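Chemist: Kindly generate the corresponding structure for this input.
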Amino acid sequence: MKSKPRPTPPAPLAPFKVLSFAILFVLLIGLACNTPTNESSNQTQVALNVQATQLSQSKTQTAAAEGETEVKEPEGKPEEPDNQAAQDAQTATQMAIDVQATVNAQQLTQAAEASPTPTPTDTPEPPAEPAEDQDSPQTQPTFNEADFETWMKSASILLYEDMAGDFSVTRYIKQALDAMGLRQHVDVKDAMGTFKNQLLSGGPGGQGWDLIISGKEMRTSIQGEFYVYINDALNLGSSVIIEEWDMDAIASGKISTVLARCGVQFHRDWLDDNIDRHLLYPVDGTHAIHHYPNEGVSLTNPSGYWIWTDLGDWMKLRPGSSAIPLWSARVNVRDSYLTAVTCLDGQLTIQSYSSHSYGQDRIMLMWQNYIYNALKTRYEYLATH
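Modeler: Alright, predicted model coming up:
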């Protein structure tokens, strides 16, 4: 009896197609969802995709092994292998590899975009410009005495000296200027109108006077507006020397601005003192006005010229004053009974005693020291402005 043919089992590679499409589906889903928001989620997604790929490959290998175990070769001529199934499996595997490569490429691109571009280390930075020091003091020019002496000979000096109206006496201030070789000064003598015009002119070329001397000793009327003009000259940088014997009468007037600016005020009227009370004493005595250019100046030789009349005035320092007392009518008194002070860093000198109350040989030396130091202050001012 002829045996009945054995039924042919289903092709053993058929499960590969199903698994291949499953692998492709899982990888495509993973790629579509692979949009990380940060580095941690990106790494997690990639790990899941790789794990799914590995799991799918494991299942494929297991299914293949089971197919080989269950399938038995039929008797007779062996059948040709299912080439289509093998090609499908190979295609699925290649697609998995391509998908994974795409995921890796996207990961590298996103990491590169998130990382800042490094600054080249071999490019030298431009040298930093030195910062300007706002708190550093202004460099002061070195004082050159020879240059100053040359400049002083051509300095613009305005002189008012009311003793020019008394032809019986010598003009001490003019003689002091002439003896210093400063003969080119503008001398208005005792002409107050001319003095006013010159003050208002602003000096030669309107550049400001280097030195203004207001010598009021003849008991004339330099007051009021003249001290306004003098204050204006101080504002422009001019050096000023004032001889004023009548502060008691005008201290509350226009001169008050100049006095306050200097840090002094009227103290007492000086009159009717015996001649032995006319001696003046240097206060401290270390200031340059006491020593340069003339050394050893003393005002202890009263002449009695203004005896039995008004000898002048005494000043005193205001609280917190920076004025430097020069002469006092009382020994060892520093802040009152003052008859001469210098202030504003030497720009202004005020004398409240009468020059002719002392011998010519000494008072001229004192005036030369006033003039020299006032011009030195002006010279240094011009060097920094």
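Chemist: Could I get the buried residue list for the helix or strand containing Y227?
Modeler: The secondary structure element spanning Y227 is helix 225-235 (assigned by DSSP states H and E). Under the neighbour-count criterion of 16 or more other Cβ atoms under 10 Å, helix 225-235 has F226, Y227, Y229, I230, N231, A233, L234 buried. (C-beta placed from N, C-alpha, C; glycine too.)
Chemist: which strands and helices sit next to that helix?
Modeler: Secondary-structure packing of helix 225-235 (3 or more Cβ pairs under 8 Å, 6 or more residues apart in numbering; DSSP states H and E): helix 192-201, strand 211-216, strand 239-244, helix 255-262.
Chemist: Need the residues that contact that helix.
Modeler: 192, 195-196, 199-200, 208-209, 212, 214, 240, 242, 253-255, 257-258, 261, 344, 347-348 (Cβ atoms under 8 Å, 6 or more residues apart in numbering).
Chemist: try stretch 315-333
Modeler: When contacts are taken as Cβ under 8 Å, 6+ apart, the neighbours of stretch 315-333 outside the stretch itself are 247, 259-260, 262-267, 270, 277, 279-284, 287, 289-290, 299, 314, 334-343, 349-350, 352-353.
Chemist: Endpoints of it, how far apart?
Modeler: 12 Å (Cα to Cα, to the nearest Å).
Chemist: count of residues packed around V333?
Modeler: A count of nearby residues for V333, using other Cβ atoms under 10 Å, gives 15.
Chemist: can you check the one 10 residues further on too?
Modeler: Around C343 there are 21 other residues, counting by other Cβ under 10 Å.
Chemist: Enumerate the beta-bridge partners assigned to it.
Modeler: Judged by DSSP bridges, the bridge partners of C343 are L348.
Chemist: Helix or strand, whichever it is, which one in this protein has the lowest mean pLDDT?
Modeler: The element with the least model confidence among the helices and strands of the chain, by mean pLDDT, DSSP states H and E, is helix 39-70, at a mean of 47.
Chemist: could you flag which of the contacts of helix 225-235 are buried?
Modeler: With neighbours counted by 16+ other Cβ under 10 Å, these contain buried members at 195-196, 199, 208-209, 212, 214, 240, 242, 254-255, 258, 261, 344, 347-348.
Chemist: in these, which two residues are the furthest apart from each other?
Modeler: The widest separation within these, taken as Cβ to Cβ, falls between K196 and L344 and amounts to 22.9 Å.
Chemist: what about the helices in the chain?
Modeler: For the chain, the helices defined by DSSP state H occupy 14-32, 39-70, 83-114, 145-153, 172-179, 192-201, 225-235, 247-250, 255-262, 360-383.
Chemist: Least confident of the ones you listed, on average?
Modeler: Between the helices of the chain, the one with the least mean pLDDT is helix 39-70; it has a mean of 47.
Chemist: beta partners for the closest residue to A251 other than its chain neighbours?
Modeler: Distances taken as Cβ to Cβ, 6 or more residues apart in numbering put F266 closest to A251, at 3.8 Å, once the chain neighbours are dropped. According to DSSP bridges, the partner residues bridging F266 are M315.
Chemist: out of the helices and strands packed on helix 225-235, nearest to N294?
Modeler: Distances from N294 to each of these were compared using Cβ to Cβ; the shortest belongs to strand 239-244, at 15.6 Å.
Chemist: as a whole number, average confidence for that closest one?
Modeler: On average, strand 239-244 scores 98.
Chemist: What is that strand packed up against?
Modeler: When contacts are defined as 3+ Cβ pairs under 8 Å, 6+ apart, strand 239-244 packs onto strand 211-216, helix 225-235, strand 348-351, helix 360-383.
Chemist: any residues touching that strand, and which ones?
Modeler: If you take Cβ under 8 Å, 6+ apart as the criterion, strand 239-244 is touched by 173, 210-217, 222, 230, 233-234, 255, 258, 313, 346-352, 354-355, 370-371, 374-375, 377-378, 381.
Chemist: Look at I350 and report its pLDDT.
Modeler: The model reports I350 with a pLDDT of 98.
Chemist: correct me, but it touches V264?
Modeler: Yes - applying Cβ atoms under 8 Å, one finds I350 in contact with V264, separated by 7.0 Å.
Chemist: Identify the contacts common to the two.
Modeler: When contacts are counted by Cβ under 8 Å, 6+ apart, the set common to I350 and V264 consists of M315, V341, C343.
Chemist: residues in contact with the last one?
Modeler: To tie it back to what came earlier, the one meant is C343. If a contact means Cβ under 8 Å, 6+ apart, then C343 has R261, C262, G263, V264, S321, S322, A323, I324, T349, I350 as its contacts.
Chemist: Now, of these, which are buried?
Modeler: Of all the contacts of C343 considered here, the ones buried according to neighbour count by 16+ other Cβ under 10 Å are R261, C262, G263, V264, S321, A323, I324, T349, I350.
Chemist: Out of those residues, which is nearest to E161?
Modeler: Proximity of these to E161, judged by Cβ to Cβ, is greatest for T349, which lies at 15.3 Å.
Chemist: Just to check, that closest one is in contact with Y372?
Modeler: No - at 11.2 Å, T349 does not count as touching Y372 under the criterion of Cβ under 8 Å.
Chemist: Give me the distance between the nearest residue to D335 once chain neighbours are set aside and L338.
Modeler: Excluding its sequence neighbours, the residue lying closest to D335 (Cβ to Cβ, 6+ apart) is L317, at 4.6 Å. Here the criterion is Cβ to Cβ, to the nearest Å. By it, L317 lies 7 Å from L338.
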